[in-house]
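Colleague: any chance you could fold what I've pasted below:
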Amino acid sequence: MTLTHDGRADLLAACPLFAGVGPEGLATLAERAAEVDYRPGAVIVRNGEIGTGFFVVVEGGVNVIQDGKVVARLGPGEFFGELSVLDQMPRNAQVVADQPTRCLALASWEFERVLLDQPELTLAILRGLARRMRAVAESHRS
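Modeller: Now for the predicted structure:
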């Protein structure tokens, strides 16, 4: 079932990366996001390619694969693809749908436009990225 504009905004609001983003910023992101369906086994992002999209899982699930090993499984409300979109460097993992999966996709040029137009949203996303990076660093210390 296709999400309404408000449904997309609600999904984005629940995404940890967008914690602290206000309703106006979420509405802008929701307007620019597109829903994309993937069949099981579909490669959504390829390791080594420059990222042209950022994704939030709406339903279903994906495996994040590095060096041939599944390093994470992401489900509804979780996101991927943000690093390559932000730094314009090659992706460091492959992401594959492990069941029928629907994602909200935001093209890199749309994501960048929103970041340039809305500094409050940019700051909130930077804080969300910092939290994620801190959590990864902490998990490596354990």
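
Colleague: what stretches of the protein score poorly on pLDDT?
Modeller: Applying pLDDT under 70 to the chain picks out residues 1, 142.

Colleague: contact partners of the biggest helix by length in the chain?
Modeller: In the chain, taking DSSP state H as the definition, the longest helix is helix 119-141. Helix 119-141 is touched from outside by 16-22, 25, 28-29, 82, 86, 114-116, with contacts defined as C-beta atoms under 8 Å, 6 or more residues apart in numbering. For every residue, glycine as well, the C-beta is placed using N, CA and C.

Colleague: now do 7 Å
Modeller: With contact meaning C-beta atoms under 7 Å, 6 or more residues apart in numbering, helix 119-141 is reached by 16-22, 25, 82, 114-115.

Colleague: buried set for it?
Modeller: Of all the residues in helix 119-141, those buried under the rule 16 or more other C-beta atoms under 10 Å are 121, 124-125, 128.

Colleague: alright, that wraps it up for me.
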